[in-house]
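> Quick one, what's the 3D model for this:
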Amino acid sequence: MRFFRLMVFANFIFSLGFAQAPMEVSPSYTTFKTSTAPTIDGKIEKRIWRKAKWTETFADILGRKNPPPALETRCKMLWDDHYLYIAAELLEPDIWGTLSKRDDIVYNDHDFEVFLDPNNDGEQYVEIEINALGTVMDLFMNKPYKKGGSFDLGWNTEGLISAVKIYGTVNNNKDRDKKWTVEMAIPFDALKREGRISHPVDGSTWRINFSRVEWPNEKDGLTYKRKKAEQGKRTREFNWVWSPTGVIDMHLPATWGFLHFKQ
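Have a look, this model is predicted:
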């Protein structure tokens, strides 16, 4: 827990070194209600997902005017009365993962992240992360860090169903991988808080964002290790997102995209 707090503080301090880019127009996505729930097995080529459109491909967190990410990431969504369904595709020639325990600090691996604010007010939102091994870290934020917020890592997305599909091999540098895909079913019941919205209806609009953390790696025997910067310091990660925030900080709900629910 101490390490996690240090990482959060370090990320905050690092972000202060960047002048915030002009605010971009936040993207929107319309998710349609499905009468058939997808089987959550990580395989997103199934027929049910053909009904949903892809988001725009992810951009650098600082903005879409920056050079595009080296690897493509995109996702799509569906919903029903009980779940928000998310499918994500992450192109990756070197699939890597090390963390295997629930609530390990998953962004220390390559990961895929979801930030969800059902009330669209920048308060009391959740974060869910997953790596290529299928390890989940989730937490509840009472408000953003820059507003004095704190996280609750003991909070769990009760009833979350998630799976990963690997198109290649994990931690094997003797081949070139294609991608890994993620499926999630986020239960609306898990989002219940007193006096807060947790279940959408036709016409609801929530705020949502997605992030992909990618670390510069190098070969290490048969597997990989994170590259080190000069003087043994840790190399900075890449942050690729659906809705750029303008600074290296995902905890800015006012910059997230809009999720529209349609019957």
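> Helices along the chain, start to end?
Listed in chain order, the helices of the chain (DSSP state H) span residues 2-16.
> Quick check, central residue of it?
Compute the mean C-alpha point of the chain, and by C-alpha atoms, centre = their mean the closest residue is residue 113, 1.4 Å away.
> Spatially, and excluding backbone neighbours, which residue is closest to that one.
By the measure of C-beta to C-beta, 6 or more residues apart in numbering, the closest residue to residue 113 outside its immediate chain neighbours is residue 211, 4.1 Å from it. (C-beta placed from N, C-alpha, C; glycine too.)
> Identify the bridge partners of that neighbour.
When assigned by DSSP bridges, residue 211 has beta-bridge partners residue 113, residue 241.
> Surely it touches residue 241?
Yes. Because the distance of 4.8 Å satisfies C-beta atoms under 8 Å, residue 211 is recorded as touching residue 241.
> which of the two has more neighbours?
Just comparing residue 211 and residue 241: by other C-beta atoms under 10 Å the higher neighbour count belongs to residue 241, 25 against 22.
> And stretch 165-184, how far out from the chain middle?
When distances are taken as C-alpha atoms, centre = their mean, to the nearest Å, stretch 165-184 is centred 18 Å away from the chain's centroid.
> Quick one: mean pLDDT over that stretch.
Model confidence over stretch 165-184, given as mean pLDDT, is 98.
> Span of it from start to end?
Chord length of stretch 165-184, first to last residue, is 12 Å (C-alpha to C-alpha, to the nearest Å).
> Report the contact partners of the closest residue to residue 201 other than its chain neighbours.
The shortest distance from residue 201 to any residue that is not its chain neighbour, by C-beta to C-beta, 6+ apart, is 7.1 Å, and that residue is residue 261. Under the criterion of C-beta atoms under 8 Å, 6 or more residues apart in numbering, the contact partners of residue 261 comprise 30-31, 33, 79, 200-206.
> how does it look with 6 Å?
With contacts taken as C-beta atoms under 6 Å, 6 or more residues apart in numbering, residue 261 has the following neighbours: 31, 200, 204.
> Could you do residue 129 as well?
In this structure, residue 129 makes contact with 106, 111, 113, 137, judged by C-beta under 6 Å, 6+ apart.
> these two touch, right, the last one and residue 107?
Okay, so that is residue 137. No. With contact defined as C-beta atoms under 6 Å, residue 137 and residue 107 do not form a contacting pair (7.7 Å).
> just so I have it, where are all the strands in the stretch 1-150 of the chain?
Using DSSP state E, counting those that start in this stretch, the strands of the stretch 1-150 of the chain run over 28-33, 59-60, 73-79, 83-91, 111-117, 125-131, 136-141.
> The fifth one packs against which elements?
Using 3 or more C-beta pairs under 6 Å, 6 or more residues apart in numbering; DSSP states H and E as the contact criterion, the elements in contact with strand 111-117 are strand 125-131, strand 205-214.
> I'd like these as CSV, with distance to residue 147 and mean pLDDT appended.
Conversion of the helices and strands packed on strand 111-117 to CSV gives the following (distance: least, C-beta to C-beta, whole Å; pLDDT from 0 to 100):
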stretch, distance to residue 147, mean pLDDT
strand 125-131, 12, 98
strand 205-214, 15, 98
